[in-house]
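Q: what would the 3D arrangement of this be:
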Amino acid sequence: MLETRRLSRQKDTSRSDTVKNQHIPSTTSEPENMESKGCHQTDENEILLDNRRIILRNLAPDTPELYIKYFLEGRAVTCKTPKVFPMAKQVVLVQFCEDIKDFDVLKERIESKKLKDATLTMERVPVTDTVVIKSKKKVNGNLRENLKQTLEHVGEGEIIHTHETPCEKRKILFRFKDYESVEKVLKNNTYKIADKHVVTVRRYYTC
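A: Numbering: from 1, shown residues only. This next block holds a predicted model:
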């Protein structure tokens, strides 16, 4: 389920919640279980990093979400209401309500103190170029092409890859050529195709 890319150097954009001066929303369009896909490659060596999201690894098994929130609040991070999304065994994605000002300080505070006898590791998250579409009914053939065209129109960008997850037949990944298309598509969290099929759209991440 998890995919990664190897890149020789990462670039911290130090934006104030902007991607080329565009807002990265932190809204209800977020997934309930942030699955993941990775990054927009700006050139051969650089990727853009998300200023509001991190991945925590090595959690103790069955660590309650509330414990994680209290732990982060104790580290005096950006806001008092971070959202926690399970991604894999002992791995969660954390979303904050505002930009993190100093990731090095946050990383040191998180990794220097144990949570339920576990020493956590923190990682930055690349800005995603992929959305996941969920439908109550299977979307294939003409319906999938109609949905693809709708997303390209709304996102004002080309979709360069489409993938149906093998374990969940009603979940489709659409990867855009430009990550900014994701922000445009996520201005709505539901879309109707062929005037009858309603689908939900969420960001997609990989850890």
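Q: now do the helices in this protein.
A: Ranges of helices within the chain are 65-74, 103-111, 141-155, 180-185, based on DSSP state H.
Q: now the first one: mean pLDDT?
A: Translated: helix 65-74. Across helix 65-74, the average pLDDT comes to 89.
Q: alpha carbons of that helix, as PDB, please.
A: The C-alpha trace of helix 65-74 is given here as PDB (Å, rounded to 0.1, in the frame of the first residue of the first chain):
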ATOM      1  CA  GLU A  65      -5.400   8.600  19.400                       C
ATOM      2  CA  LEU A  66      -6.100  10.800  22.400                       C
ATOM      3  CA  TYR A  67      -2.700   9.900  23.900                       C
ATOM      4  CA  ILE A  68      -1.000  11.000  20.700                       C
ATOM      5  CA  LYS A  69      -2.800  14.400  20.800                       C
ATOM      6  CA  TYR A  70      -1.900  14.900  24.400                       C
ATOM      7  CA  PHE A  71       1.700  14.000  23.700                       C
ATOM      8  CA  LEU A  72       1.900  16.600  20.800                       C
ATOM      9  CA  GLU A  73       0.200  19.300  22.900                       C
ATOM     10  CA  GLY A  74       2.900  18.700  25.500                       C
END
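Q: for that helix, buried residues please.
A: For helix 65-74, burial by neighbour count (16 or more other C-beta atoms under 10 Å) applies to 68-69, 71-72. To be clear about C-beta, it is placed using only N, CA and C from the backbone, and glycine gets the same treatment.
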